[in-house]
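Student: attaching a predicted model along with its sequence, questions to come.
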Amino acid sequence: MKITKRQLKRIIKEEKSKILAEQKIRRIIRRRLRENLSSAPMLTLDLGPSGDYPTLGNTATGDTFRVPDFGSSAELMQAVSAKLGPVSPDTPVKDYDLGLGTIPLSQLYNAIMDMA
């Protein structure tokens, strides 16, 4: 089957427009992912200023929460959400002092209480 120059140009033009559309979609997705990542709070866990009390902190706002002061994981989540706005239970918490590594916020309270 032979293809004319006109047909070949049309095929190339169609393929080029498909590739450009895919690239545009990828750029939009990457931008939205970056926006979502940058808006998520960076939570850290350390032993607090006195060095003896597990303290959850937000690096952006400076807010701190003494974890054992709460009666449950739900209370801790509620307090964090009240200060920082809606926070996902899967928000990672980076531990610097207790050897927990990075742990989801929803699991933090129980992990600390199990250590006591």
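Tutor: Arrived safely.
Student: now the strands for the chain?
Tutor: 43-46, 55-58, 64-66, 92-95, 102-104 (DSSP state E).
Student: check what pLDDT residue 17 gets.
Tutor: Here, the pLDDT recorded for residue 17 equals 92.
Student: likewise residue 56?
Tutor: Predicted confidence (pLDDT) for residue 56: 89.
Student: what's the burial count for the closest residue to it other than its chain neighbours?
Tutor: Closest residue to residue 56 in three dimensions, ignoring its sequence neighbours and counting by CB to CB, 6 or more residues apart in numbering: residue 65, at 4.4 Å. In short, each C-beta sits where N, CA and C put it, glycine included. When neighbours are counted by other CB atoms under 10 Å, residue 65 registers 20.
Student: residue contacts, residue 58?
Tutor: Going by CB atoms under 8 Å, 6 or more residues apart in numbering, residue 58 touches 41-44, 64, 83-84.
Student: pairing-wise in the sheet, spell out the partners of residue 44.
Tutor: residue 57, residue 94 (DSSP bridges).
Student: offset the numbering so it begins at 200, please.
Tutor: All set: I'll call the first residue 200, so the last point we hit is now residue 243.
Student: how about the contacts made by it?
Tutor: So residue 243 contacts 255-258, 292-295 (CB under 8 Å, 6+ apart).
Student: that'll do, ta.
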